[in-house]
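Asks: Sharing a model prediction with you, sequence too.
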Amino acid sequence: MSLPYIVGNWKMNGLRASLAEARAIDRAAARYPKVELALAPPATLISRMRDVVQTIDLGGQDCHVEESGAFTGDISAAILKDAGAEFVIVGHSERRSTYRESDETVCAKAQAALDAGLSVIVCVGETEAQRDAGDAEAVVTAQVAGSVPQGDDVAPRLTLAYEPVWAIGTGRVPSLDDVEAMHRAIRETLLKVCGDAGSNVRILYGGSVKPENAAELLGADEVGGALVGGASLTAESVIGIVEAISPAGSE
Ligand code: PEP
């Protein structure tokens, strides 16, 4: 069984001064060998961060579908890799809503990441209105089916992140029953999309994870880790999350 994977998404936060937090998170990673830690800082910090961390993975928060070209302001998976990234997040709900990214676009971005030699974290999640209407599982499983590229070599470099849109940055989290039901539905869809290899794809939970709720959420069935926004910005809260799920020195 793979280790819990905790991925910090710094979003549009982080200046050079923040490298000290990354260094502290990296040092902590060495003390918690039963957890895998990763950060997705702003793209401008990846290269500098690569120079000061040793244990944690680094990734981008989005990539273009093309490898290079006349796309002002965009960044490609190849450029992220060149800067020192190992993975890229695609389909975050803030991209899906603000930039109207469709499942087709997210799938093309995921394929571009794989083609560039990166791993990919594909995000899915329902809105509050969709959950209230009883459509959450249908919406999320359709996003998985439409956003995950086909192919035998996809599953080993794929991570899914289930992030209910209404739980991101709000302090609200779904019930454990709802988290487990959704993760099971995602697993079933992954088995259809990726075949047997879908059983090994990690499914992260994301949405208001913090030290106080991490042990409970990450103890849920089929939850293989967490995608963490606000609580990933300081080493103190990242260490709090890691300590909650795998106390230092525990067997
Ligand atoms: C996120 O944006 O991916 C996220 C989970 O944010 P937060 O942890 O702040 O809810």
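Replies: The structure has been received and is ready for your questions. Numbering: from 1, shown residues only.
Asks: Please make it C-alpha for all contacts and neighbour counts, starting now.
Replies: OK.
Asks: where does the stretch 101-250 of the chain dip in pLDDT?
Replies: Scanning the stretch 101-250 of the chain with the threshold set as pLDDT under 70 gives 249-250.
Asks: Show me what from it comes close to the ligand.
Replies: Applying CA under 6 Å from any ligand atom, we find that the stretch 101-250 of the chain lies next to the ligand at A167, I168, G169, G206, G207, S208, V209, L227, V228, G229, G230, A231.
Asks: closest to P247 among those?
Replies: For these, the minimum distance to P247 (CA to CA) is 17.0 Å, reached by V209.
Asks: Can you classify that closest one by secondary structure?
Replies: Put simply, V209 is coil when judged by DSSP: H, G, I helix; E, B strand; the rest coil.
Asks: Among the residues of the stretch 101-250 of the chain next to the ligand, name the ones in strands.
Replies: Residues of those located in strands (DSSP state E): G206, L227, V228.
Asks: Reformat these as JSON lines; add neighbour count.
Replies: JSON lines is the format used below for these (neighbours: other CA atoms under 10 Å):
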{"residue": "G206", "neighbour count": "26"}
{"residue": "L227", "neighbour count": "27"}
{"residue": "V228", "neighbour count": "26"}
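Asks: quick one, what contacts the spatially closest residue to S93 that is not a sequence neighbour?
Replies: Distances taken as CA to CA, 6 or more residues apart in numbering place V165 nearest to S93, at 6.5 Å, with adjacent residues excluded. Contacts here follow CA atoms under 8 Å, 6 or more residues apart in numbering; on that basis V165 touches S93, G125, E126, T127, E128, G207.
Asks: List the buried residues of stretch 207-218.
Replies: By neighbour count on 16 or more other CA atoms under 10 Å, the buried set for stretch 207-218 is G207, S208, V209, K210, P211, A214, A215, L217, L218.
Asks: Could you dump the residues you listed into JSON lines with distance to I6 added?
Replies: Output for the buried residues of stretch 207-218, formatted as JSON lines (distance: CA to CA, whole Å):
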{"residue": "G207", "distance to I6": "13"}
{"residue": "S208", "distance to I6": "13"}
{"residue": "V209", "distance to I6": "10"}
{"residue": "K210", "distance to I6": "11"}
{"residue": "P211", "distance to I6": "12"}
{"residue": "A214", "distance to I6": "10"}
{"residue": "A215", "distance to I6": "12"}
{"residue": "L217", "distance to I6": "12"}
{"residue": "L218", "distance to I6": "10"}
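Asks: Would you confirm that A161 contacts V124?
Replies: Yes: judged on CA atoms under 8 Å, A161 makes contact with V124 at a distance of 6.2 Å.
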